[in-house]
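Undergrad: Got a predicted model here, sequence first, then my questions.
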Amino acid sequence: MTTMTESSVAGNDDRRTTNQNTTAQNTAAQNTADQASAARVGNSRNGAGDKMMIALDVDGTLVDHDGHMSVPVREAAQAVVAAGHHVMIATGRSLNATLPVIEHIGIENGYAVCSNGGVILRVDSGLPEGYEILHKATFDPGPVLRALRKRLPSAKYALEDENGNFLSTERFQDASFGVEAVGVDFHTMLEATAVRVVVFSSENTPEEFNTAIRHIGLAGVTYSVGWTAWLDIAAAGVTKASALEQLRDRLSIETHRTVAVGDGRNDIEMLTWARRGVAMGQAPVEVIAAADEVTKSVYDDGAAHVLRSLL
């Protein structure tokens, strides 16, 4: 695994400027929720040896929008890992952009969800690469790409293929890809097998993206719109939550021992899935509505508050 740096990493759940007004509006809710958190967690544990399954988003949750993880967040995450709980990264980032975070918080053996549920990893420090891929959910991107390009001709397109490579149009690069995207023509992209498709446009708003999606429909896939005009597309039914449920079943974790923390629209299903779904303080209103509680913003180490409540 590589070493995590503090260079900017902007995943699909992290493409926006900070909304301080939203953060302020959520502070009161967070204070009330924090008071109830410890009691709720205490009730969910029947003994010190019981393990919990804790799913953590990355961008906007564990790291800020410059890609920096604060010391309190890192130490709190490491402490929960050391306590023996099943701590899992669940992110829109691709595999290579996820591995540094896994290492940074001290997960040597466990699991992770990448590409919004499209890839499930088993982390094992004894393996040659430190991990193995348990599952990839792929789909034919052709119909969706053709429909979107007619409606959004100026957008940039990127695709994660079944081998972990990224193909892109117009030199579209993003740190969440984890690798440098290879420029290809649109026809080549149509013929690939996809794990994840990303659409981005600096000329459109998220509202315009939503309008385009409603107009064309996106049958046979799952999608989420990010903070800016950023669209992430996966195979039908594939979300962070669907992948986490596979892992919960694999580990025989009871549903009331599940916790999830996130801030983006691609976290909504995950927050609903978890027994305790926690939205970050800067999250948009629809994410907060899906959560059981709200913690502080990423700039106030909200994830650390949640993680410490689990110790």
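TA: Looks like it came in fine.

Undergrad: ok, which stretches of the stretch 51-200 of the chain are strands?
TA: For the stretch 51-200 of the chain, applying DSSP state E, counting those that start in this stretch gives strands covering 53-56, 86-90, 109-114, 119-124, 131-136, 156-161, 166-168, 182-183, 194-200.

Undergrad: Just want the angle from the fifth one to strand 194-200.
TA: Looking back up the chat, that one is strand 131-136. 90 degrees (axes from the mean of the first three to the mean of the last three Cα atoms, to 10 degrees).

Undergrad: Could you point out the helix or strand that follows the helix or strand containing residue 278?
TA: Assigned by DSSP states H and E, residue 278 falls within strand 276-279. Sequence order places helix 285-290 as the next helix or strand after strand 276-279, per DSSP H and E.

Undergrad: Just checking: what are the partner strands of whatever helix or strand comes next after that next one?
TA: As assigned by DSSP H and E, the chain's next helix or strand after helix 285-290 is strand 293-294. Strand 293-294 has the following sheet partners, assigned by DSSP bridges: strand 276-279 (parallel).

Undergrad: Show me the residue at the heart of this structure, geometrically.
TA: residue 91 (2.4 Å; Cα atoms, centre = their mean).

Undergrad: what's the nearest residue to it if we skip its chain neighbours?
TA: Nearest residue to residue 91, sequence neighbours excluded (Cβ to Cβ, 6 or more residues apart in numbering): residue 58, at 4.3 Å. C-beta coordinates here come from the backbone N, C-alpha and C atoms, glycine included.

Undergrad: Ok, which of the strands of the stretch 51-200 of the chain comes nearest residue 266?
TA: Shortest distance between residue 266 and the strands of the stretch 51-200 of the chain, using Cβ to Cβ, is found for strand 86-90: 9.6 Å.

Undergrad: Quick one: mean pLDDT for the closest one?
TA: Averaging pLDDT along strand 86-90 gives 98.

Undergrad: and if you look at stretch 93-110?
TA: If you average the pLDDT over stretch 93-110, you get 96.

Undergrad: Now residue 282: closest residue in space, sequence neighbours ignored.
TA: In space, and not counting its chain neighbours, residue 282 is closest to residue 297: 4.3 Å by Cβ to Cβ, 6+ apart.

Undergrad: go on, residue 184?
TA: Residue 184 sits nearest to residue 167 (Cβ to Cβ, 6+ apart), 4.7 Å away.

Undergrad: Surely that neighbour is in contact with residue 181?
TA: Yes. When contacts are counted by Cβ atoms under 8 Å, residue 167 is listed as touching residue 181 (6.5 Å).

Undergrad: Tell me which stretches of the stretch 151-300 of the chain form helices.
TA: Secondary structure of the stretch 151-300 of the chain by DSSP state H, counting those that start in this stretch: the helices cover 186-190, 206-216, 240-251, 268-273, 285-290.

Undergrad: Let me know which of these is the nearest to residue 129.
TA: Of the helices of the stretch 151-300 of the chain, nearest to residue 129 by Cβ to Cβ is helix 240-251, at 19.5 Å.

Undergrad: I would like the residues contacting the closest one, please.
TA: 53, 55, 57, 86, 88, 90-91, 111, 113, 116-118, 120, 135, 255, 258, 260, 262, 266-267, 269-270, 272-273 (Cβ atoms under 8 Å, 6 or more residues apart in numbering).

Undergrad: per-residue confidence averaged over it?
TA: 98.

Undergrad: Could you do stretch 211-226 as well?
TA: Averaged across stretch 211-226, the pLDDT comes to 86.

Undergrad: picking up where we left off before, give the intersection of the neighbour lists for residue 167 and residue 181.
TA: Shared contacts of residue 167 and residue 181 (Cβ under 8 Å, 6+ apart): residue 158.

Undergrad: circling back to that earlier point, kindly tell me how buried the residue nearest to residue 282 is, as a neighbour count.
TA: 25 (other Cβ atoms under 10 Å).

Undergrad: Could you pull up phi and psi at it?
TA: Here is the backbone geometry of residue 297 (degrees, to the nearest 10): phi -70, psi 170.

Undergrad: any chance of the strands of the stretch 51-200 of the chain in JSON lines, with distance to residue 62 and mean neighbour count too?
TA: Listed next are the strands of the stretch 51-200 of the chain as JSON lines, based on distance: least, Cβ to Cβ, whole Å; neighbours: other Cβ atoms under 10 Å:
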{"stretch": "strand 53-56", "distance to residue 62": "6", "mean neighbour count": "26"}
{"stretch": "strand 86-90", "distance to residue 62": "8", "mean neighbour count": "26"}
{"stretch": "strand 109-114", "distance to residue 62": "12", "mean neighbour count": "24"}
{"stretch": "strand 119-124", "distance to residue 62": "16", "mean neighbour count": "20"}
{"stretch": "strand 131-136", "distance to residue 62": "18", "mean neighbour count": "16"}
{"stretch": "strand 156-161", "distance to residue 62": "21", "mean neighbour count": "23"}
{"stretch": "strand 166-168", "distance to residue 62": "23", "mean neighbour count": "22"}
{"stretch": "strand 182-183", "distance to residue 62": "29", "mean neighbour count": "12"}
{"stretch": "strand 194-200", "distance to residue 62": "20", "mean neighbour count": "26"}
